[in-house]
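**Student:** What follows is a predicted protein model with its sequence.
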Amino acid sequence: MVYKENMLKTLQIEIVHPKAERILKELAAVELIRISKKESLRTRLGRLSRSIERHQEENGKPKPPSMEEITTEVKKVRAERHAKQKKG
């Protein structure tokens, strides 16, 4: 039997019996499978965000505004709107 490296698959497994976990660990020990812990959504989103920022920096695109910059701009627009309402 010929092993092809491009035939890798990822499966999500729910262990219902303790023996199954032992068997999986034995398979990992002889490098037939790899066991990895599932990342939390927060971790995955953080990694994605950093990847996007890195891509933008590499391509010369501006970084998105910070929360402080957004807050400052919102306050400025509200002040202008409030001033117009007082005049009108």
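**Tutor:** Cool, got the structure.

**Student:** When you work out contacts or count neighbours from here on, use the C-alpha atoms and nothing else.
**Tutor:** Noted.

**Student:** next one: the helix or strand of the chain with the lowest mean pLDDT to chain centre, how far?
**Tutor:** Using mean pLDDT, DSSP states H and E, helix 41-58 stands out as the lowest-scoring helix or strand of the chain, at a mean of 87. Counting by Cα atoms, centre = their mean, to the nearest Å, helix 41-58 is centred 7 Å from the centre of its parent chain.

**Student:** Any stretches of this structure with poor pLDDT?
**Tutor:** The model of the chain has pLDDT under 70 over residues 1-6, 88.

**Student:** can you give me the helices for it?
**Tutor:** 18-29, 41-58, 67-87 (DSSP state H).

**Student:** buried stuff in the second one?
**Tutor:** If you call a residue buried by 16 or more other Cα atoms under 10 Å, then helix 41-58 has these buried ones: Glu53.

**Student:** can you check the first one too?
**Tutor:** By neighbour count on 16+ other Cα under 10 Å, the buried set for helix 18-29 is Lys25.

**Student:** Contacts for that helix, please.
**Tutor:** Ile15, Ile33, Arg34, Ile35 (Cα atoms under 8 Å, 6 or more residues apart in numbering).

**Student:** run the last query once more with 6 Å
**Tutor:** With Cα atoms under 6 Å, 6 or more residues apart in numbering as the contact definition, helix 18-29 has outside contacts at Ile33, Arg34.

**Student:** Dump that helix to PDB, restricted to CA.
**Tutor:** Once non-C-alpha atoms are left out, helix 18-29 reads as follows in PDB (Å, rounded to 0.1, in the frame of the first residue of the first chain):
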ATOM      1  CA  PRO A  18     -12.000   5.500  28.000                       C
ATOM      2  CA  LYS A  19     -10.300   2.700  25.900                       C
ATOM      3  CA  ALA A  20     -10.800   4.700  22.800                       C
ATOM      4  CA  GLU A  21      -8.700   7.600  24.100                       C
ATOM      5  CA  ARG A  22      -5.900   5.100  25.000                       C
ATOM      6  CA  ILE A  23      -6.000   3.600  21.500                       C
ATOM      7  CA  LEU A  24      -5.900   7.100  19.900                       C
ATOM      8  CA  LYS A  25      -2.800   8.000  22.100                       C
ATOM      9  CA  GLU A  26      -1.100   4.800  21.000                       C
ATOM     10  CA  LEU A  27      -1.800   5.600  17.400                       C
ATOM     11  CA  ALA A  28      -0.300   9.100  18.000                       C
ATOM     12  CA  ALA A  29       2.800   7.500  19.600                       C
END
